[in-house]
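J.: give me the fold of what follows.
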Amino acid sequence: MIKRFGLSLILASALSFAVLPAHTEARPVPDGFSELAKRLSPSVVNISTAQTVEVNTEDAPAFPKGSPLERFNDFFGGGGSQNGRVSKSLGSGFVVDADGYIVTNNHVIEGADLIEVTFPNGDTYEAELLGRDPATDIALLKIDAGKPMPFVKFGDSDNAEVGEWVMAIGNPFGYSGSVAAGIISARNRDISHGSYDDFIQTDVAINKGNSGGPLFNMDGDVVGVNTAILSPTGYSVGISFSVPAELASSVVDQLREYGETRRGYLGVRPQKVSNAIAKSYGLDDPHGALITTVVKDGPADKAGLKKGDLITHLGGEKLESSRLLSRMIADSKIDEELEVSYIRKRKKKTAKVVIERLKEKVTEDERKRREQEENDADRVASGIAVEALSDETRKKYRIKDEIKGVRVVKVEKRAEASGKILTGDIIEEVGFEAVESPKAFEEAMEAAKEFDTPVTILINRGGNYIFYALTI
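T.: Numbers count the residues shown, from 1 in each chain. The predicted model follows:
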């Protein structure tokens, strides 16, 4: 998988003359990439995902039994099968820690029910999703291999220059361990992908399946995460884009520590500074960000910034362009003061802005999703194993929406409940308190252990209610 953008080609030619410097310092053309490839390839993995897609096949006709076409019933879903089909995707990733932390693109694993990583030697592991950031298209996975894994490290992408040699390793079209090389074509590219666009452009042959793979410099450090291509055909035409290591590594650090991103928030909407605007504000060259909107009660508003102010520096660092404002603010420390230099009516001023945390919808959604998954995970308490009444479970066992509780999936033979509570029973109450998730059931059963008296459990068995008193 690799993100692709449409392309219209306009051809033009022109002659130009320039005075070349007498001597420039540059790295020589490498003799080859074989040594780098041998050293780095073991850390680059193939990522495959699977996602169950709901398919309603109740009305699909089934081929009659004994028909030569009967074998196609499972494929087409004939005969009222409710099983979903599995959608698979492929991408790349790379290990950044011996403990098995793996970086890839968010769009490679988004919506996946199962994530597997395969190393060049054929070893395959199921991976856990630690966190993801759609805004930068970065995701962090973790595998438990029981041994130290080969890994690579992030390099300094800010010092990567146009014209430098770079090398990509990935799995284009599923061909694992493929190596491609080229040069950095441009820096700081904005491809309208999001608020944090700051891509490295290369002419390296990047194709579907390279998404999430590493872009290396000649020292063997990761300077980018291959993410998108610009192509009219869907195949490489020599224009590919990578998330810079400086941005990717900061996101990875946050995902590793918090499971989510924690970005700074200023509360303004900026406009690009043109040559004319720069001159009108007394600037020699166009840079900075012109404020067009200030969010009420936001950090900028509280610090006294207004519409029409032109921000030139953040924390003493020059703001080269308006589109870099989001990234620089995002990287700022939350709840700490940041010195903002700006121009108002051609006069230079400074303000102390207390940066707040950006409330990202995806972060909130991710938190709720994780909480729901935690609550709904299968639990075992006092020998009773239960599952959540998910949509899939309700459909499979024809459990009405108004019924609340957890479904019993197994009762251990030696358990107190053996012979009383049966597989398929719906436990609605424990100790006269409603339980609507496996986690709530487990907590209620644990709390009941503190008392010397039996605990009362309310069972819904096919619409008939039964009370049991169990000593646990």
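J.: just say helix, strand or coil for Y342.
T.: Three-state call for Y342 (DSSP: H, G, I helix; E, B strand; the rest coil): strand.
J.: please disregard the earlier target; I meant S41.
T.: At S41 the chain is in helix, as set by three-state DSSP.
J.: ditto for E392
T.: State at E392, reduced to three classes by three-state DSSP: helix.
J.: what about it, neighbour count?
T.: A total of 13 residues lie near E392 under the criterion other Cβ atoms under 10 Å. Every C-beta, even on glycine, is put in place using the N, C-alpha and C of the backbone.
J.: that one and D113, how far apart?
T.: 11 Å (Cβ to Cβ, to the nearest Å).
J.: over to A248?
T.: 25 Å.
J.: quick one: which of the two has more around it?
T.: For the pair A248 and D113, the greater number of neighbours falls to A248 (26 against 12), based on other Cβ under 10 Å.
J.: for S192, see how far away that one is.
T.: Per Cβ to Cβ, A248 is found 19 Å from S192.
J.: likewise for S48?
T.: Going from S48 to S192 by Cβ to Cβ gives 29 Å.
J.: among those two, which residue is more densely surrounded?
T.: Between S48 and S192, S48 has the larger neighbour count (other Cβ under 10 Å), namely 21 against 6.
J.: could you chop this structure up by domain?
T.: Per the record, the chain has its domains at 30-261, 264-357, 377-470, by automatic domain parsing.
J.: need those domains in CSV (columns: mean pLDDT).
T.: CSV is the format used below for the domains of the chain (pLDDT from 0 to 100):
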stretch, mean pLDDT
domain 30-261, 85
domain 264-357, 92
domain 377-470, 92
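J.: most tightly packed of those?
T.: Mean neighbour count (mean count of other Cβ atoms under 10 Å) peaks for domain 30-261 among those, with a mean of 19.
J.: pull up the distance across it, start to finish.
T.: Its start and end residues considered, domain 30-261 measures 38 Å (Cα to Cα, to the nearest Å).
J.: what about the residue nearest the centre of the chain, helix or strand, and which?
T.: Nearest to the mean C-alpha position of the chain, counting by Cα atoms, centre = their mean, stands R132 at 2.5 Å. Per DSSP states H and E: R132 is located in strand 128-133.
J.: go on, V223?
T.: Counting by DSSP H and E, the element that carries V223 is strand 222-230.
J.: which outside residues touch the helix or strand following that strand?
T.: Per DSSP H and E, strand 222-230 leads on to strand 240-244 as the next helix or strand towards the C-terminus. Outside strand 240-244, the residues that touch it by Cβ atoms under 8 Å, 6 or more residues apart in numbering are 136-138, 157-158, 160, 189, 191, 198-206, 215, 223-230.
J.: same question, stretch 289-307
T.: The contact list for stretch 289-307 (Cβ under 8 Å, 6+ apart) reads 265-273, 277, 308-311, 319, 321-322, 325, 340, 342, 344, 351-356.
J.: circling back to that earlier point, just name whatever secondary elements the strand holding R132 is in contact with.
T.: Applying 3 or more Cβ pairs under 8 Å, 6 or more residues apart in numbering; DSSP states H and E, one finds that strand 128-133 makes contact with helix 106-109, strand 138-142, helix 245-258, helix 361-376.
J.: now it: how far from the chain's centre is it?
T.: Its chain's average C-alpha position is 6 Å from that of strand 128-133, according to Cα atoms, centre = their mean, to the nearest Å.
J.: each with direction, which strands does that strand pair with?
T.: Strand pairing for strand 128-133, using DSSP bridges, gives strand 138-142 (antiparallel).
J.: check the secondary structure at R327 for me.
T.: Strictly by three-state DSSP, R327 counts as helix.
J.: looks like it contacts Y196 (just checking).
T.: Yes: the pair formed by R327 and Y196 meets the contact definition of Cβ atoms under 8 Å, at 5.1 Å.
J.: which helix or strand contains S185?
T.: strand 178-189.
J.: next helix or strand past that strand?
T.: Criterion used, DSSP H and E; the element after strand 178-189 is strand 199-202.
J.: strands paired with that next one, and their directions?
T.: Using DSSP bridges, strand 199-202 pairs in its sheet with strand 178-189 (antiparallel), strand 240-244 (antiparallel).
J.: show me what the closest residue to Y101 other than its chain neighbours is bridged to.
T.: In space, and not counting its chain neighbours, Y101 is closest to K142: 5.7 Å by Cβ to Cβ, 6 or more residues apart in numbering. K142 forms beta bridges with Y101, E128, as assigned by DSSP bridges.
J.: do you know how far K142 is from D376?
T.: K142 sits 21 Å away from D376, going by Cβ to Cβ.
J.: one more: D190?
T.: Distance of D190 to D376, computed by Cβ to Cβ: 41 Å.
J.: separation between E392 and A98?
T.: Plainly put, E392 is 38 Å away from A98 if you go by Cβ to Cβ.
J.: tell me the contacts of the nearest residue to G288 once chain neighbours are set aside?
T.: Nearest residue to G288 in three dimensions, chain neighbours excluded: T312, at 4.3 Å (Cβ to Cβ, 6+ apart). Each residue near T312 by Cβ under 8 Å, 6+ apart is listed here: 283, 287-288, 318-319, 341-343, 348.
J.: quick one: which of the residues you listed is nearest to K439?
T.: K439 lies nearest to L319 out of the contacts of T312, by Cβ to Cβ, at 47.1 Å.
J.: pull the contacting residues for that closest one.
T.: Contacts for L319 (Cβ under 8 Å, 6+ apart) come out as 287-289, 311-313, 325, 328.
J.: rewinding a little: can you tell me the element the residue nearest to G288 falls in?
T.: Secondary structure (DSSP H and E) places T312 in strand 310-314.
J.: partners of that strand, with directions?
T.: Partners of strand 310-314, by DSSP bridges, with direction: strand 289-294 (antiparallel), strand 317-318 (antiparallel), strand 337-344 (antiparallel).
J.: what separation do you get for G100 and E450?
T.: Separation of G100 from E450 (Cβ to Cβ): 39 Å.
J.: same thing with G174?
T.: 55 Å.
J.: same check, this time on V96
T.: 45 Å.
J.: excluding chain neighbours, what is closest to F441?
T.: Distances taken as Cβ to Cβ, 6+ apart place V435 nearest to F441, at 4.4 Å, with adjacent residues excluded.
J.: wait, the one you found sits on I427?
T.: Yes: using Cβ under 8 Å, V435 is in contact with I427, at 6.4 Å.
J.: need the overlap of contacts for those two.
T.: Joint contacts of V435 and I427 (Cβ under 8 Å, 6+ apart) are 405-406, 441.
J.: restricted to strands, list those residues.
T.: Using DSSP state E, the members of the shared contacts of V435 and I427 that fall within strands are V406.
J.: switch the shared contacts of V435 and I427 over to CSV; also include distance to F241.
T.: Formatted as CSV, these follow (distance: Cβ to Cβ, whole Å):
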residue, distance to F241
G405, 50
V406, 47
F441, 48
